[in-house]
Every structure is written in C-alpha cells, then in structure tokens.
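A.B. asks: would you be able to build a 3D model of this:
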Amino acid sequence: MDNKYIKVAYKLYTIEDGERDFMEEAPAEQPFEFISGIGMTIEAFDKKMKDLAVGEKFDFVIPQKEAYGEYDETLVVELPKSVFFLDGKFDDEHVYVDAIIPLISADGDRFSGVVQEIKDDVVVVDLNHPMAGCDLNFIGEVIENREATPEEIDEFTKPHGCGGCTGGNCSDCGKDGCEGCGDSCD
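C.D. replies: Got it, this is the predicted structure:
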C-alpha cells in the first residue's frame, strides 16, 4: 500500500454553471494534512497529490462526478419536527435555516444535513454534500510529501471521541475538531 504523509496549502473554488466561487483555504501556516491511500480525501485529489514533489505548485479541476457527484433532489427530505425536540421542545438553538446538523440513520451511520426550511410540523433538510453538483478547482502548493510512518497511519485512522473523526477532521462535516457537527474529538 502506498501511504504518503502529505501537507498542502491550497485555495478551493467550486465551479457551477460556469461560475467560480471561493469555498475554503488551507494556508501554509495551517496546511491541510492527510495520508494518501486510506480514504481521507476525494480519491481524485489523493491521486493528484501523492506524486507531487515538495514545493510543486498545482492548479487542477476535479469534475463533479469524481468529487461529490451530481446534486440529487431526492436527498432533500422532510423530517418530523419532533426529531429535533430536546427536553420536550423544539431545539431552535441548533436547528435553524442553513444550520449543519448531525444525523444518525437507523443503522447507526453518521451523516450531516443542511436545514433548508422549518415548517409547522417538519424540517426540510438537504442531505447532499454542500459541494454536490460542482466541479472543484484546487490551487496551491505541496509543503510536505513523504512516506507515512505506521504511527502516523494509526493516528489518522483511529476513531476519536465522537466516533466520527479521523486526523482531527470530522467525517460528518469536515471541520477541524468536529466543531461543525457539535461532537468533540478527544
């Protein structure tokens, strides 16, 4: 298995209907770090990064089909408002329009959704990835690229406190330290 410890500084833009929008940045002072070959990143991103040399600059586009797929209208669902009750009342502190909320399926799988609308009896939640339907344009530079040690692989693959984090990033929402999903990485 080809596992490399990689650090990159980048800017990410989404491209949808010909429009390019800035989404996020991992600056050189706080680079994105991951281990290739273990499913931590989009496979196409992983493949493009693993053979780049330290100091090498990159600018590439990952088509939506190789990123987060097409936007799927069937993944916009109405959930009973009662699902979001806390101590007998609706949790309007955490459930509001545009909130990213953690959800758990009947099988125990964790995922996130974005609240689109709150109605009298239901909450409309979009379960698509926020970048579904977009091509992704990564522009940046490789800061580090070397073989990963067994210890690093173990650290990045072991579950953290919330059960949904690897490498300090939440697998549900992608935010550092899981602050986006409300869980904590211990």
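A.B. asks: in the chain, which ranges drop under the pLDDT threshold?
C.D. replies: 1, 159-186 (pLDDT under 70).
A.B. asks: where exactly do the strands run in it?
C.D. replies: Under the criterion DSSP state E, the chain contains strands at 4-16, 19-26, 32-35, 57-62, 76-80, 85-86, 89-90, 100-104, 110-118, 122-126, 135-147, 165-166, 169-170.
A.B. asks: got the domain boundaries for the chain?
C.D. replies: 4-69+131-170, 73-126 (automatic domain parsing).
A.B. asks: buried deepest among the strands of the chain, which one?
C.D. replies: Among the strands of the chain, the stretch with the highest mean neighbour count (mean count of other CB atoms under 10 Å) is strand 169-170, at a mean of 24. C-beta here means a position set from N, CA and C on the backbone, and glycine is covered the same way.
A.B. asks: what would the strands of the chain look like in JSON lines with distance to residue 41?
C.D. replies: JSON lines is the format used below for those (distance: least, CB to CB, whole Å):
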{"stretch": "strand 4-16", "distance to residue 41": "9"}
{"stretch": "strand 19-26", "distance to residue 41": "12"}
{"stretch": "strand 32-35", "distance to residue 41": "5"}
{"stretch": "strand 57-62", "distance to residue 41": "10"}
{"stretch": "strand 76-80", "distance to residue 41": "26"}
{"stretch": "strand 85-86", "distance to residue 41": "34"}
{"stretch": "strand 89-90", "distance to residue 41": "36"}
{"stretch": "strand 100-104", "distance to residue 41": "20"}
{"stretch": "strand 110-118", "distance to residue 41": "17"}
{"stretch": "strand 122-126", "distance to residue 41": "23"}
{"stretch": "strand 135-147", "distance to residue 41": "10"}
{"stretch": "strand 165-166", "distance to residue 41": "11"}
{"stretch": "strand 169-170", "distance to residue 41": "10"}
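A.B. asks: of all the ones you listed, which one comes closest to residue 49?
C.D. replies: Using CB to CB as the measure, strand 4-16 is the one of these that comes nearest residue 49, at 5.4 Å.
A.B. asks: what separates residue 141 from residue 43, distance-wise?
C.D. replies: 21 Å (CB to CB, to the nearest Å).
A.B. asks: residue 143 now?
C.D. replies: 21 Å.
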